[in-house]
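**Q** show me how the following folds:
(2 chains)
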2 protein chains.
Amino acid sequence: MPQINADRLLADLRHLRSIGAVDNGVVRPALSEKDMEARHWLKAQYEAAGLDATIDGVGNVLGRSPNAGKALLIGSHSDTQPTGGWLDGAMGVIYGLEVARALREDPDTAHLAVDAVSLQDEESRFFGCMGSRSLCGFFTPEMEAGARDKDGVLLADALKDAGLKDAPRIRLDRERYLGFLEAHIEQGPHLEEDGNAIGVVTSIVGLGGLQIKFEGQQNHAGTTMMSIRKDASAALYALANAINEEFPKVAGPRSVWTMGRAVIKPGAASIVPGYAELDLQYRDASTTVLDAFEATVARLIGEINARGGARVSAEPARVRVAPAHMDEGFRKHIAAAAGKHAPGKWTEMPSGAFHDAGVIADFMPCAMLFIPSIGGISHDFAEDSHDQDIARGCQVLADAAASILSA
Amino acid sequence: MPQINADRLLADLRHLRSIGAVDNGVVRPALSEKDMEARHWLKAQYEAAGLDATIDGVGNVLGRSPNAGKALLIGSHSDTQPTGGWLDGAMGVIYGLEVARALREDPDTAHLAVDAVSLQDEESRFFGCMGSRSLCGFFTPEMEAGARDKDGVLLADALKDAGLKDAPRIRLDRERYLGFLEAHIEQGPHLEEDGNAIGVVTSIVGLGGLQIKFEGQQNHAGTTMMSIRKDASAALYALANAINEEFPKVAGPRSVWTMGRAVIKPGAASIVPGYAELDLQYRDASTTVLDAFEATVARLIGEINARGGARVSAEPARVRVAPAHMDEGFRKHIAAAAGKHAPGKWTEMPSGAFHDAGVIADFMPCAMLFIPSIGGISHDFAEDSHDQDIARGCQVLADAAASILSA
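**A** Okay, the predicted model is just below:
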């Protein structure tokens, strides 16, 4: 089996961290100057690893193996959250590079084809998972038209500024690949809490979202009697609390739901609010549960509207993301490698966070491997993992890749 | 009985409207350039009406009658909401001027002492009812220290810019006065809906406020299981809904409560909120009911804290305003005048909105008279009343003033 070089892996990961480093974190949002600097550096590393490297028209960096035979695509994303951690995405990208190098350096595996990839804008500056969508042919002109970041910067302008305006966009050749492997930090506390070193992902949970609007009548809070109010905030509090009381009745064991954004207008202590908005997001590995959540919300909205007061309506806040099931064959290879390098310290688990593998799974078989996040912290400058866990995860991935390609 | 001059009353009211007019409304917040322009114009009108007029150190305009004997203070405030209506405050101010003129013009009442007043900052740009508090000796150095408007402008700077820095502040001489009369638009729908032309105010409701804080733990909305969340928003929705369910059990028939401001941080659909704030305001004419509301909130917070999750705490958002009872003797005089000018079309009623009379009632006897608001609309450019109602209200007030001063 190929041996990864832990020192080289960690050195490259730290170099990537230095591009856009701020305090202990990294600020390298998609298509920013630092993001493009990182992508050009990655392209050079892919080339040094003997791969045929290209930065495509949306900024994906793809390093193709010159070897014959079916290939495995391995990688993740190198763009970060606006104030991101140093491992989210970056670790999986450097794993792809190191696995390609390790297999090439071992005479027994040097003939195998590993393509390394750094995908673009997984973190949704312009459009979530834009890079993986584009590679699979899922990034439609409708998605692209008018796409802007939260500051109003047009995707089209950002691509031009990044020098990508005329670069061709790569579409993956389905026939070339066995599938895609992505490693990632867990971004949650489970592996660490349970003393596990490796998580073999069973599925990436599906995700739905509703934007709920409450249309009432703004009034003076002193002179408007309770009986005639159409208070948008009262309807919001009632619905949100009812959702929290009713969802557990239809939820699965790992369902999560969040109402992290509520806006009440005009938002003054002495004015009966005339308008409010609530964002509801829900995730589960089962489409049945996601459907049950949406049916529950529809029923509760009907009940609140039947009472009078503010008028409640809901519409999808986003396209429903279906749960993505990881390939069972790939999972067996990862589990075998985990059993070798972390005996008794690995587990199967769903991914509560979304990943590019959730997009690519609609195009070809995918699998994912998690390593522990210290304290479960992610999307924060404090995000970190132990060197030993980082190195072990890469070795597991290298073993699994060699085993899948040799099967 | 003295006769008010309806044409003169309406002409003055329209002139006052013209100072700071925007569309159909008025923008004349306390101590703004337009507010001071209006106060200098009022001072001139008071002088023309034979009153000894002064603008004091917080901007109150007081016109003292030269007549001997006990005086009645009559007026309201001429500052407006940031986007205010043309009658809120202004009408009561011009009533004071017109009543002083009408009594002076009638040989039978020319010897009676009516002081007219325009109070400062009833609408809380810097400090609610600052002018009436100052006149009564209730505006403490603690209230004044560091007082700012919502844009950060210091009261001290605004007073300087208004040319009031060195102007003496008037303290009313309790011995001079029988009491204070304030007329106002209703700012609610009751008079209009019931076909009444005059409301004789029985009490100004008391008002309490709590600022409630929810301290939780910010987390990733995909990877943080429900069972370990400390979701500040979930606690807010639960408490707010419980308040709306429990308050009716201890409320009076005209109690109102409002949670018009809720802020959830960081406020993103996919982040479990770590912090939230909720403003609760409640009003009733009975201190017992206000006490019961506060006890209910304390009990509900205890129940929610006992469940775990985010930690909830409450503190007063403002000094409790006690219900203010209008003087029974004054009310009889107003009721008699209302019975004469609006037979069968007047009613006793509480004031759900707060007014300067609610401050001054702690210093000397007060009474209030309401006229109908078209559609119950107030604190809005659309605020309006019929000319006939405006003129009738002033005549009722003039009769009542003459009758009180002659009794």
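**Q** how about the residues of the stretch 301-407 of chain A near chain B?
**A** A:317, A:351, A:352, A:353, A:354, A:376, A:378, A:379 (CB under 8 Å from any CB of the partner chain). In short, each C-beta sits where N, CA and C put it, glycine included.
**Q** wouldn't residue A:270 be in contact with residue B:280 here?
**A** No: Residue A:270 is not in contact with residue B:280 according to CB atoms under 8 Å; the separation is 11.2 Å.
**Q** mutual contacts of the two, please.
**A** Applying CB atoms under 8 Å, 6 or more residues apart in numbering or on different chains, one finds that residue A:270 and residue B:280 are jointly contacted by residue B:258.
**Q** the two: which has the busier surroundings?
**A** Per other CB atoms under 10 Å in any protein chain shown, whichever of residue A:270 and residue B:280 has more neighbours is residue B:280, with 25 against 19.
**Q** re the thing from before, ok, of the residues of the stretch 301-407 of chain A next to chain B, which come out buried?
**A** Buried members of those, scored by 16 or more other CB atoms under 10 Å in any protein chain shown, are A:351, A:352, A:353, A:354, A:376, A:378, A:379.
**Q** which one of those residues sits closest to residue A:219?
**A** Distance to residue A:219 across those (CB to CB) is lowest for residue A:379, with 39.9 Å.
**Q** test my guess that that closest one contacts residue A:80.
**A** No: using CB under 8 Å, residue A:379 is not in contact with residue A:80; the gap is 9.3 Å.
**Q** so what sits against both of those two?
**A** By CB under 8 Å, 6+ apart, the residues touching both residue A:379 and residue A:80 are residue A:88.
**Q** what does the least confident helix or strand in chain A by mean pLDDT contact?
**A** Ranked by mean pLDDT, DSSP states H and E, the helix or strand of chain A with the weakest confidence is strand A:219-220, at a mean of 86. Residues from elsewhere that reach strand A:219-220, judged by CB under 8 Å, 6+ apart: A:229, A:270, A:271, A:272, A:274, B:187, B:188, B:352, B:353, B:378, B:379.
**Q** which of the residues of the stretch 301-407 of chain A next to chain B sit farthest apart?
**A** Pairwise distances across these peak at 25.9 Å for A:317 and A:376 (criterion: CB to CB).
**Q** break chain A down into its structural domains.
**A** Annotated domains of chain A cover A:6-205+A:323-406, A:206-316 [automatic domain parsing].
**Q** for the residue sitting nearest the centre point of chain A, give me its contacts.
**A** Centroid-nearest residue in chain A: residue A:355, 3.0 Å away (criterion: CA atoms, centre = their mean). Contacts for residue A:355 (CB under 8 Å, 6+ apart) come out as A:76, A:122, A:182, A:184, A:204, A:368.
**Q** could you report the pLDDT at it?
**A** Residue A:355 is assigned 95 on the pLDDT scale.
**Q** can you tell me how far it is from residue A:325?
**A** To residue A:325, residue A:355 is 13 Å away according to CB to CB, to the nearest Å.
**Q** kindly report the same for residue A:207.
**A** Residue A:207 sits 15 Å away from residue A:325, going by CB to CB.
**Q** right, and residue A:284 touches residue A:253 too?
**A** No: the criterion here is CB under 8 Å, and residue A:284 misses it with residue A:253 at 9.5 Å.
**Q** between the two, who's got more neighbours?
**A** More crowded of residue A:284 and residue A:253, by other CB under 10 Å: residue A:284, with 27 against 10.
**Q** the helix or strand containing residue A:184 - what's its average pLDDT?
**A** Assigned by DSSP states H and E, residue A:184 belongs to strand A:177-185. Per-residue pLDDT values across strand A:177-185 average out to 98.
**Q** hang on, residue A:371 packs against residue A:388?
**A** No: the pair residue A:371 / residue A:388 is not scored as a contact, 9.7 Å apart, by CB under 8 Å.
**Q** these two: which has the busier surroundings?
**A** A count of neighbours by other CB under 10 Å puts residue A:371 above the other of residue A:371 and residue A:388, at 30 against 11.
**Q** mind checking the SS state of the residue lying closest to that one once chain neighbours are set aside?
**A** Leaving aside its sequence neighbours, residue A:371 sits nearest to residue A:393 (CB to CB, 6 or more residues apart in numbering or on different chains; 3.9 Å). When classified by DSSP: H, G, I helix; E, B strand; the rest coil, residue A:393 comes out as helix.
**Q** thought residue A:368 was touching residue A:393, still the case?
**A** No: using CB under 8 Å, residue A:393 is not in contact with residue A:368, being 11.1 Å away.
**Q** would TSV of the domains of chain A with distance to residue B:127 be doable?
**A** Formatted as TSV, the domains of chain A follow (distance: least, CB to CB, whole Å):
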stretch	distance to residue B:127
domain A:6-205+A:323-406	38
domain A:206-316	15
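**Q** and of those, who's closest to residue B:303?
**A** Nearest to residue B:303, of all the domains of chain A, is domain A:206-316, at 13.3 Å by CB to CB.
**Q** chain center to the closest one, what's the gap?
**A** Relative to its parent chain, domain A:206-316 has a centroid offset of 27 Å by CA atoms, centre = their mean, to the nearest Å.
**Q** put the alpha carbons of stretch A:121-130 into PDB.
**A** The C-alpha trace of stretch A:121-130 is given here as PDB (Å, rounded to 0.1, in the frame of the first residue of the first chain):
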ATOM      1  CA  ASP A 121     -17.300  28.500  -4.300                       C
ATOM      2  CA  GLU A 122     -18.600  25.600  -2.200                       C
ATOM      3  CA  GLU A 123     -19.100  28.300   0.500                       C
ATOM      4  CA  SER A 124     -21.800  30.200  -1.500                       C
ATOM      5  CA  ARG A 125     -20.200  33.600  -2.100                       C
ATOM      6  CA  PHE A 126     -21.900  33.700  -5.400                       C
ATOM      7  CA  PHE A 127     -23.600  30.300  -5.700                       C
ATOM      8  CA  GLY A 128     -23.100  27.400  -3.400                       C
ATOM      9  CA  CYS A 129     -21.100  24.500  -4.900                       C
ATOM     10  CA  MET A 130     -20.800  26.500  -8.200                       C
END
